[in-house]
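1. Got a sequence here, can you model it:
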Amino acid sequence: MTGVPASAAGGSQAGAAAGKASAMGSSKAGASKGVGPRAGGSDAGGAEGGAKSPRGGKIAAAAVNQASVWNIANLLTMLRLVLVPAFVALMLADGGYDPAWRSLAWAAFAIAMITDLFDGHLARTYNLVTDFGKIADPIADKAIMGAALICLSGLGDLPWWVTIVILGRELGITLLRFLVIRYGVIPASRGGKLKTLTQGVAVGMYILALTGWLATLRWWVMAGAVVLTVLTGLDYVRQAIVLRRQGIAERKAALEETEA
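-> Below you'll find the model as predicted:
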């Protein structure tokens, strides 16, 4: 049985340990100086990447948010905004009473109303809701409807009191939503959606140069739209009052609980 002297074993182990220490020291030195393609690239680059990752994440998030403005829902809203001046020009062309121009104006109005039905649905379904859409969408809705009503009343086709009632209600409810938004959001009701649909149909019928029984029918459709406009407006006022009272009560209860 052949053995290795203890001194030799100890010497070999010490030499191996020294070799490892020397190798580790040289590798660390090389990494700190950037020697070697992997040492300098992994350690130094990883440290820099770790230091810049929060800033890079913010920049990437900002880029995503900026790009999300140009989604299909917002593009439809922008289209409605562009259609407003085009509609007015078509509506008032040749004195505002030419059936051909009125038909083109009706087409522009119809496209605007149809896109209004789709952009909100697309934004909610595919998570495309943006701050721009929240602001621009109601503005586009009020702009196209307001332009149509004012043009019709200016041409003498629709009484001014109808335009005042509808636009006054729309602007008033929009302002009311902002006033109570600290307490919560007033959701759109089925009556409100029916009101919007009825208004669109009635105004569209007035834009067209209709005669005979169709002209009589559009009067009744507009009457129904005015009634729905007033009733839904009163319902929104009621909801706003209830929402405000609940919000004040909840804040008062939370304050009392904190003081206790």
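2. contacts and neighbour counts: CA atoms only from here.
-> Noted.
3. What are the boundaries of the strands in the stretch 1-150 of the chain?
-> With DSSP state E, counting those that start in this stretch as the criterion, the stretch 1-150 of the chain has no strands.
4. now it, which segments are flagged as low pLDDT?
-> By pLDDT under 70, the low-scoring segments of the stretch 1-150 of the chain are 1-68.
5. Grab the longest helix from the protein for me.
-> helix 213-259 (DSSP state H).
6. Let me see the mean pLDDT of that one.
-> Taken as a whole, helix 213-259 has a mean pLDDT of 92.
7. thinking in terms of the whole chain, how far from its middle is that helix?
-> Averaging C-alpha positions (CA atoms, centre = their mean, to the nearest Å) puts helix 213-259 23 Å from its chain's average.
8. what packs against it?
-> When contacts are defined as 3 or more CA pairs under 8 Å, 6 or more residues apart in numbering; DSSP states H and E, helix 213-259 packs onto helix 160-179, helix 190-207.
9. Now distance to D235 too, for those, in a markdown table please.
-> Formatted as a markdown table, the helices and strands packed on helix 213-259 follow (distance: least, CA to CA, whole Å):
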| stretch | distance to D235 |
| --- | --- |
| helix 160-179 | 10 |
| helix 190-207 | 9 |
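10. winner for burial among those helices?
-> Highest mean neighbour count among these (mean count of other CA atoms under 10 Å): helix 190-207, with a mean of 19.
11. how big is the angle separating that one from helix 160-179?
-> 150 degrees (axes from the mean of the first three to the mean of the last three CA atoms, to 10 degrees).
12. Tell me which of the helices and strands packed on helix 213-259 sits nearest to V242.
-> Across those, V242 has its closest neighbour in helix 160-179 (12.7 Å, CA to CA).
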